[in-house]
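Trainee: Output the structure for:
(chains A and B)
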Amino acid sequence: MYNLLQQIASGIAMGGIYACLGLALVMIYQSTHHINFAQGEMAMFSTFVAFLLLQWGLPYWAAALATLAFGFVAGFLIERLVLRPLGDVPELSVIVVFIGLFIGINSLAGWVFGHQLQPFPSPFPSKLFGTTLVSGHEMGTIAVVLVVVTTLYGFLRFTKVGLAMRASAENPVSSRLAGIPVSLMLSLGWGLSALIGAIGGLMVAPVVFLEPNMMGGVLIYAFAAALLGGIDNPWGAVAGGLIVGVVENLAGTYVVGTELKLTLALVLIVGVLLIRPSGIFGRKLVARV
Amino acid sequence: MAALLAANNVEAFYGPTRVLKGISFEVAEGGITTILGANGAGKTSTLRAISGLVRTRGEIRFAGHRIDGLATEKIAALGIAHVPDGRGTLVNMSVEENLRVGAYLRRSKAEVEASMERMFGYFPRLRERRQQQAGTLSGGEQQMLAISRALMQRPKLLLLDEPSFGLAPLIIREIFDIMRVINQQEGVSILLVEQNVARALDLADHAWLLETGSTVMSGTAQALRDDEQIRRSYLGF
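Mentor: Numbering: from 1, shown residues only, chains lettered A, B, ... in the order given. Purely as a prediction, here's the structure:
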């Protein structure tokens, strides 16, 4: 029984990380209607930057803040320098560029930082509230994710810039006619998304060790999370992340074993697309013409 | 009356195709001007040229500024609001959010709230549907929302692209009646593009006639209504 609870708890914590990456995917989807396959690699690269800063002797929180700033700027610039020059191209071309980014960033990280596994510190004490059921890092991860999703939701829902970002994604022409600088909104969306991804990277690295391929599996689960919850809904991504985390952990421990865990995520993705493409919390789009 | 907007020998292009072949026209300050013409005459392209949504050549002046070649969002900021063809509704957002998007350039929160109240005064049905997803509104309601969204910018000039398109006669009348009120109460000049020539000439003070990308005639709405050729070709009696 205790073991089961422990598996659920660590599933929730892992789910929080999926949720974080899922949120980053939602963020880009909200502002561009694209799904960024390079999201995980961008997060991994940011985490390496944090690693470097920590090695230089910066205190954890300063390094983390600098990393988030780096993530934001990098995301902003990738949109400006890589995607913007593409202009208005078919969906498929964008996907190819995302795959190119994925491979490019992955190789760059390997070349700059090397391929050996690096231990990465957690900012949280190993034990919180004296329980062995949930580790301090797991509890901290869940708290961080809740803060991120609340902030993101509030930002998109209640601020003028958030509204402008959603409008830009939904109808760029109407938005420009209303005076919204749509191209700036897209870059901002990318910046914010990369920032959220970097938070996910900082949370996952203490669990899986830091190396260029650390996000491979995580991103697949994050896709499953975002799709399951509804790709246009931040809360959906979090709920989806937690569900995927728990299911993955329980199935891995009791049903299919660790080797087939990733397959489960793919089954989830295909299942959601077949049965309920808008996800659990996603809005079904209704339009009258 | 002084011209608020003046186009001089304006050409417009979709890719290599020239759709406006050097048109010139003016929009008087405070009035309602209409551009008439058959399908494909270049009416929508004319509005898109003003808003910088198509590549143009020639000179367009608005309130003392040259606006040809400016980015669409800069043109909007100078005080031109554009209700595009197809209405441009943000279908996944609520009615209220649509209006807030229209108010993006406004700074004062209190004034935005006041404007929104005024829009609900013009179109009470929008108030009832305030929290409803805009994509679920009827065509007429979406047209009302599109006009309100544009007015939330508090523009000097309102460009209206075929507001009667696809609507029932009763709704068209309601919308055209309110346009006159809006023209006076909001102090906004209107440039209306319409296929429904009879309605447009009823509403407007001044009209320009467009044929295959060129302006061929202009005059007061009264003069065009009385013109033999216009009557036969466009009014059908």
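Trainee: ok, residues contacting the biggest helix by length in chain B?
Mentor: Scanning chain B for the longest helix, with DSSP state H as the assignment, gives helix B:169-185. Defining contact as C-beta atoms under 8 Å, 6 or more residues apart in numbering or on different chains, one finds that helix B:169-185 is touched by B:31-32, B:122-123, B:139-140, B:143-144, B:147, B:151, B:158, B:160, B:163-164, B:167, B:188-190, B:192, B:196, B:199, B:202-203. All C-beta spots, glycine's among them, are computed from the backbone N, C-alpha and C.
Trainee: The helix or strand following it: partners in the sheet, and parallel or antiparallel?
Mentor: Reading on from helix B:169-185 to the C-terminus, the next helix or strand found by DSSP states H and E is strand B:189-194. Pairing partners of strand B:189-194, with direction, according to DSSP bridges: strand B:32-36 (parallel), strand B:157-161 (parallel).
Trainee: Check the nearest residue to A:Leu268 once chain neighbours are set aside and give its pLDDT.
Mentor: If you skip the residues right next to it in sequence, A:Leu268 has A:Ala224 as its closest partner in space, 4.4 Å away by C-beta to C-beta, 6 or more residues apart in numbering or on different chains. The pLDDT attached to A:Ala224 in the predicted structure is 85.
Trainee: what does B:Phe237 give?
Mentor: At B:Phe237, the pLDDT value in this model is 64.
Trainee: how far does the lowest-mean-pLDDT helix or strand in chain B sit from the chain's center?
Mentor: Lowest mean confidence among the helices and strands of chain B (mean pLDDT, DSSP states H and E): helix B:228-230, at a mean of 76. For helix B:228-230, the separation from the chain centroid amounts to 25 Å (computed by C-alpha atoms, centre = their mean, to the nearest Å).
Trainee: same thing with stretch A:140-151?
Mentor: Distance, centroid of stretch A:140-151 to centroid of chain: 12 Å (C-alpha atoms, centre = their mean).
Trainee: What mean pLDDT does it get?
Mentor: Per-residue confidence for stretch A:140-151 averages out to 90 on the pLDDT scale.
Trainee: Now tell me what touches that stretch from outside.
Mentor: Counting by C-beta under 8 Å, 6+ apart, the neighbours of stretch A:140-151 from elsewhere in the structure are A:12-13, A:16-17, A:19-20, A:23, A:122-124, A:128, A:196, A:199, A:203, A:234-235, A:237-238, A:241.
Trainee: now do stretch A:164-182
Mentor: Outside stretch A:164-182, the residues within contact range by C-beta under 8 Å, 6+ apart are A:29-33, A:156, A:185-186, A:188-189, B:51, B:53, B:71-73, B:76-77, B:81-82, B:84, B:88-93, B:101-102, B:104-105, B:149-150, B:153.
Trainee: Kindly report the same for stretch A:211-219.
Mentor: Taking C-beta under 8 Å, 6+ apart as the criterion, the residues outside stretch A:211-219 that touch it are A:17-18, A:21, A:37, A:39-41, A:43-44, A:47, A:106-107, A:109-110, A:113, A:115-118, A:200-201, A:204-205, A:208, A:262.
Trainee: Which members of these are classed as buried?
Mentor: In terms of neighbour count (16 or more other C-beta atoms under 10 Å in any protein chain shown), the buried residues within these are A:17-18, A:21, A:37, A:39-41, A:43-44, A:47, A:106, A:109, A:113, A:200-201, A:204-205, A:208, A:262.
Trainee: Let's see which of those end up in strands.
Mentor: When the buried ones among the contacts of stretch A:211-219 are checked against strands (DSSP state E), there are no matches.
Trainee: one step back: give me the buried stretch members for the least confident helix or strand of chain B, please.
Mentor: Within helix B:228-230, the residues scored as buried using 16+ other C-beta under 10 Å are B:Ile230.
Trainee: Dump the longest helix of chain B to CSV, keeping only the CA atoms.
Mentor: Written as CSV, here are the backbone C-alpha positions of helix B:169-185 (Å, rounded to 0.1, in the frame of the first residue of the first chain):
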residue,chain,number,x,y,z
PRO,B,169,-33.1,42.9,-45.3
LEU,B,170,-34.5,43.7,-41.9
ILE,B,171,-31.1,43.4,-40.2
ILE,B,172,-29.5,45.4,-43.0
ARG,B,173,-31.9,48.2,-42.4
GLU,B,174,-31.2,48.1,-38.6
ILE,B,175,-27.4,48.3,-39.2
PHE,B,176,-27.7,51.1,-41.8
ASP,B,177,-29.9,53.1,-39.6
ILE,B,178,-27.5,52.8,-36.7
MET,B,179,-24.6,53.8,-39.0
ARG,B,180,-26.1,57.2,-39.5
VAL,B,181,-26.5,57.7,-35.7
ILE,B,182,-22.9,56.5,-35.2
ASN,B,183,-21.6,58.9,-37.8
GLN,B,184,-23.1,61.8,-35.9
GLN,B,185,-22.7,60.8,-32.3
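Trainee: Quick one: work out the angle between that helix and strand B:157-161.
Mentor: Here the directions of helix B:169-185 and strand B:157-161 differ by 170 degrees (axes from the mean of the first three to the mean of the last three C-alpha atoms, to 10 degrees).
Trainee: Now do helix B:169-185, average pLDDT.
Mentor: On average, the pLDDT along helix B:169-185 is 92.
Trainee: Pull the contacting residues for whatever residue of the stretch 1-150 of chain A ends up closest to chain B.
Mentor: Nearest residue of the stretch 1-150 of chain A to chain B, counting by C-beta to the nearest C-beta: A:Gln30, 10.6 Å away. With contact taken as C-beta under 8 Å, 6+ apart, A:Gln30 is in contact with A:Leu156, A:Met165, A:Arg166, A:Ala169, A:Gly189, A:Asp232.
Trainee: Can you mark which positions in the longest helix belonging to chain A are buried?
Mentor: Secondary structure assigned by DSSP H gives helix A:2-32 as the longest helix of chain A. Within helix A:2-32, the residues scored as buried using 16+ other C-beta under 10 Å are A:6-32.
Trainee: what's around the nearest residue to A:Phe113 once chain neighbours are set aside, how many residues?
Mentor: If you skip the residues right next to it in sequence, A:Phe113 has A:Phe48 as its closest partner in space, 4.8 Å away by C-beta to C-beta, 6+ apart. Applying other C-beta atoms under 10 Å in any protein chain shown, we find 24 residues neighbouring A:Phe48.
Trainee: With B:Asp227 instead?
Mentor: A total of 17 residues lie near B:Asp227 under the criterion other C-beta under 10 Å.
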